[in-house]
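S.K.: Sequence first, then the predicted structure:
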Amino acid sequence: MQLEIRNVSKKYGRKTVLSNIDLCAESGECVGIIGVNGSGKSTLLSVLAGVLKPNSGSFVCDGIDLFREPKARKNAVGYVPQGTPLFEELTAYDNLSLWYDKKTLRRELDEGTLGLLGINDFLKKRVSKLSGGMKKRLCIGCAIANRPPILLLDEPMSALDIVCKQRIREYLTAYKNAGGILILVTHDVPELELCDRCFSLKSGRLHEIHHPNDAKSLVDSIV
Amino acid sequence: MKYFLLQLKRLARAVPMILTVSYLLACVILMILSQFSAAFKNDQAAKFTVAIVGSTTSRMFDFGISALTAADSSRFSIDIQQTDEQTARKRLLDGDISAYVVIPKEFSKYARQGKTIPLTYCTTASTIDISGLMRDEITKVISIVLKQSQKGVFGEKELLIGNGYADMAELKADDISFEYLDFILDRDKMYKTRITGVSYGLDLTEHLMVGQSILFVFILTIPFSCMLMRRDNGLIRLLSAAGKGPLYSALTEYAALFCAYLCTLILLVLAVFLSNRFLHFDLISEILTHPARIALCFLPVVAMACAFAFAMEEISGNILSNVTGSFFLSMGLCYISGCMYPLYVLPPILQKAASFTPTGAARALISLSVVGNNSRAALCTVAAYTLLFLALATLARSRKLSRGDAV
């Protein structure tokens, strides 16, 4: 499977946030995107997820333009937005039941991805009582209900402890190894270790970072 | 459907608490309105005792006083007692009399000359309520009738003397006075009273009951709309990515809000009806002359109130601004649409505008259902407002997403 993002632009009024973004990725690849606050990282993911409409461009996956085929996009793309896309007052099970049918949910919990994410541990707990890491795992669990081959993650490990980060990193590695494509937006340099290629988003354009471990060149590339 | 059921589940958590509080509130409102209704009815049939003090030695006063005692007997009766000012003041303060009128010393003398000197009427500050206003009005009537009868009778007597009938002036003046008295006593036969009510054929209590119900329906949506509030837009974004856009999520949440709220109201009404067996709110049986029609007319009003609350929830960014905004807007709308008092106290232009407000249209719809009528115009206005509020809510939600806020 191959993914091609071509000439994607997005404007808010007169302000250009994304300008002719081009990006390619293949099965089993993780692409990291970093940038300063307000550089348009979340907007890029929102556009790819179908939350925002782009002003121009295409998002082609196996020959299908997902911008023009919402149904195909829905099945192909999983999206973990920033924030908490959960019902805080309800249990983890209730939240999952929105995205899964009963049978699939049971199966996924017993032997599927949800089991791998460790959601069984807090299934009956109310979301408001869960830790940040548990919530994030639950968010990922909700996002992958359709078993999408492309997963868009908006700062999935921000404000989590080391154990939670490690658990999520393990799952994302497994997802990648299973042939999925990850597009990861982050502020944290350690998260970039997961990525095969890194880009910085600056002035609405993507610039590839060749040495993400070099702090100085990283800062130079994003500022 | 799953989203709807989950939203309903969220809202259902608040129902017991909201139901308990609203039940207590409803009972208090009903008790107050029942008391008010009883007091209002008593006032309408009240006998008002008014004292007259001062220079009342002239026998001509008897005619005026007799006239007053029987005047307007169709609406209220007045018992007039002559006493001194000190006693009158004490009795007024004790609540034995409603007011007293002071007749100045020179009153008869000036009246004979066709001149008017003012009478003083005294009442207490505590009578500044409906019965108080009526008492004040009666006291004013007394002043006017006394003056006019005095002036008229003395004027007639002077006319007779001036025309050479001095020997029979006294007798004829009495005849004329009796004619005058008969005329006053028959006054209630000269007109028919048709009570059209404060608004839409409702009397004041019914009008207030309808107004308070509408305010209650609007205010009670606030806790439910707060339950719908989200910490961020994550879920809306996720739903949007899953092909369920702002219109879908907004309408589903609204439907859940409406259902949860309607169920609460039904439970509340049942609880109030059950309590009525012990608490005896007479008002309920008086107003519910057409229960099915009233219940049907309440449905669109509840739908509109939910849409209003939902729009406020979407527009406001947090719980505090939602609660304060919804509360003050609901109160303001109820004030300008005459839900809190008779509409005629407003300036004419506001009276016209009131029927176009959401609460004004709701008031018209419910009021007409109480007297057994329908109003298509009011129903259309309510429906239009419901759609407008829903459109506003969806627009606000779309804007939140399209602005590209990170959360």
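M.R.: All right, it came through fine. What you see is a predicted model, and the numbers here were worked out from it, not measured in a lab. Numbering: from 1, shown residues only, chains lettered A, B, ... in the order given.
S.K.: is it true that B:A256 touches B:A12?
M.R.: No: B:A256 lies out of contact with B:A12 (C-beta atoms under 8 Å); the separation is 9.4 Å. (Each C-beta comes from the backbone N, C-alpha and C, glycine too.)
S.K.: so A:L3 sits right up against A:C61, yeah?
M.R.: Yes: with contact defined as C-beta under 8 Å, A:L3 counts as touching A:C61 (5.2 Å).
S.K.: which residues do the two both contact?
M.R.: A:I150 (C-beta atoms under 8 Å, 6 or more residues apart in numbering or on different chains).
S.K.: Give me every residue in chain A lying close to chain B.
M.R.: Listed as neighbours of chain B in chain A under the rule C-beta under 8 Å from any C-beta of the partner chain: A:10, A:12, A:17, A:42-43, A:46, A:49-52, A:70-71, A:74, A:77, A:79, A:81-90, A:94-95, A:97-99, A:139, A:142-143, A:154.
S.K.: what about residue 208, which SS state?
M.R.: All of this refers to chain A. With DSSP: H, G, I helix; E, B strand; the rest coil as the basis, A:E208 sits in strand.
S.K.: where's the closest residue to it other than its chain neighbours relative to chain B, distance?
M.R.: Leaving aside its sequence neighbours, A:E208 sits nearest to A:F199 (C-beta to C-beta, 6 or more residues apart in numbering or on different chains; 5.5 Å). Distance from A:F199 to chain B, counting by C-beta to the nearest C-beta, to the nearest Å: 18 Å.
S.K.: What's the end-to-end length of stretch B:332-340?
M.R.: One end of stretch B:332-340 sits 10 Å from the other (C-alpha to C-alpha, to the nearest Å).
S.K.: Report the beta-bridge partners for the spatially most central residue of chain A.
M.R.: In chain A, the centroid-proximal residue (C-alpha atoms, centre = their mean) is A:L153; its distance is 1.5 Å. Counting by DSSP bridges, A:L153 forms beta bridges with A:V80, A:L184.
S.K.: That one against A:L184, yeah?
M.R.: Yes: in terms of C-beta under 8 Å, A:L153 counts as a neighbour of A:L184; the distance is 4.9 Å.
S.K.: Which residues are in contact with each of these two?
M.R.: The contact sets of A:L153 and A:L184 overlap at A:L172 (C-beta under 8 Å, 6+ apart).
S.K.: mean confidence for the helix or strand hosting A:D110?
M.R.: For A:D110, the element it lies in under DSSP states H and E is helix A:102-111. Averaged over helix A:102-111, pLDDT sits at 84.
S.K.: do the same with stretch B:12-30
M.R.: For stretch B:12-30, the mean pLDDT works out to 83.
S.K.: Please state the offset of that stretch from the chain centre?
M.R.: How far stretch B:12-30 lies from its chain's middle: 24 Å, per C-alpha atoms, centre = their mean, to the nearest Å.
S.K.: Name the residues that touch the helix ranked longest in chain A?
M.R.: Identified as the longest helix of chain A according to DSSP state H is helix A:162-177. For helix A:162-177, the surrounding residues in contact (C-beta under 8 Å, 6+ apart) are A:28-30, A:113, A:116-118, A:131-134, A:136-137, A:140, A:144, A:151, A:153, A:156-157, A:160, A:182, A:184, A:190-191, A:194.
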